[in-house]
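Visitor: My questions concern the predicted model and sequence given below.
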Amino acid sequence: MIEFRAVSFGFDEVAVLEELSLTIDDGEFVLLAGANGSGKTTLIRHCNGLLSPDEGEVLVDGTDVAEDPVAARTTVGMVFQHPRDQFVSATVGTDVAFGPENLGLSREEIDRRVAAALEAVNLTGREDERIDALSGGEQSRVAIAGALAMEPAHLVLDEPFTGLDEPARRSVLSHLESLSADGTGVIVATHDLRDVHALADRVIVMRDGRVAVDEPPERALESLEGLDVRAPRC
């Protein structure tokens, strides 16, 4: 479970989040929507300690993220909007192994996690390929595999479809659907509900650093006017 309790945060004295409270349960598929500047990216970066609240607290499984960021980063896997921002190695296998290696796991366990993560995103057997030679969609899948290798309870993705062509979008969607079916909680931050609306259990829409809508998908679609979110065609 991820809990935001009266979280406020700002950059250079400009408020981005204002007394925001929210709970996301294990196994939920949540769309965190909102226009650019609404605060959604800032919010999700609090989930594993990339940012810390000015006021309030963020808890993962009951533990304050500020007190144990390592535990939070193990429980909450993050995939950034631009996958290249999170790659730390030149090849697929070494990059996916980086997180588990930093947990101090045995070589056998690291290899098991890497193999399972690559299988989950249909990249089995491509451990030795250079990441910079992959397509945008393949790089997104490597980024997801890197997060999955930590075996998180929640996978958080920031605008995961930006810059992807249609086949790549379908591939990433298919993998997210499989992960959700297997019990992994999924949080997708996006300004465009069209791709993922059908997979969601819940839609949360932000505006000016606050929650403007928090509803099941069909009810949420009735409340999007003026929020600058792209909705699926009915």
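Guide: It's in.
Visitor: What segments of this protein are strands?
Guide: 2-11, 14-24, 29-33, 55-60, 63-64, 76-79, 154-158, 185-190, 202-207, 210-215 (DSSP state E).
Visitor: In TSV: those strands, plus distance to L105 and mean neighbour count.
Guide: To be clear about C-beta, it is placed using only N, CA and C from the backbone, and glycine gets the same treatment. Below are the strands of the chain laid out as TSV (distance: least, C-beta to C-beta, whole Å; neighbours: other C-beta atoms under 10 Å):
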stretch	distance to L105	mean neighbour count
strand 2-11	24	18
strand 14-24	27	16
strand 29-33	28	25
strand 55-60	20	18
strand 63-64	21	15
strand 76-79	16	24
strand 154-158	19	24
strand 185-190	22	24
strand 202-207	33	22
strand 210-215	37	16
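Visitor: Distance to H175 and mean pLDDT added to those strands, as CSV?
Guide: Below are the strands of the chain laid out as CSV (distance: least, C-beta to C-beta, whole Å; pLDDT from 0 to 100):
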stretch, distance to H175, mean pLDDT
strand 2-11, 21, 96
strand 14-24, 20, 95
strand 29-33, 13, 94
strand 55-60, 23, 96
strand 63-64, 29, 96
strand 76-79, 11, 90
strand 154-158, 10, 92
strand 185-190, 10, 93
strand 202-207, 20, 94
strand 210-215, 26, 94
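Visitor: Dump these into a markdown table; add distance to A147 as well.
Guide: A markdown table is the format used below for these (distance: least, C-beta to C-beta, whole Å):
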| stretch | distance to A147 |
| --- | --- |
| strand 2-11 | 15 |
| strand 14-24 | 16 |
| strand 29-33 | 16 |
| strand 55-60 | 15 |
| strand 63-64 | 20 |
| strand 76-79 | 3 |
| strand 154-158 | 6 |
| strand 185-190 | 11 |
| strand 202-207 | 21 |
| strand 210-215 | 25 |
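Visitor: which non-adjacent residue is nearest A168?
Guide: G137 (2.5 Å; C-beta to C-beta, 6 or more residues apart in numbering).
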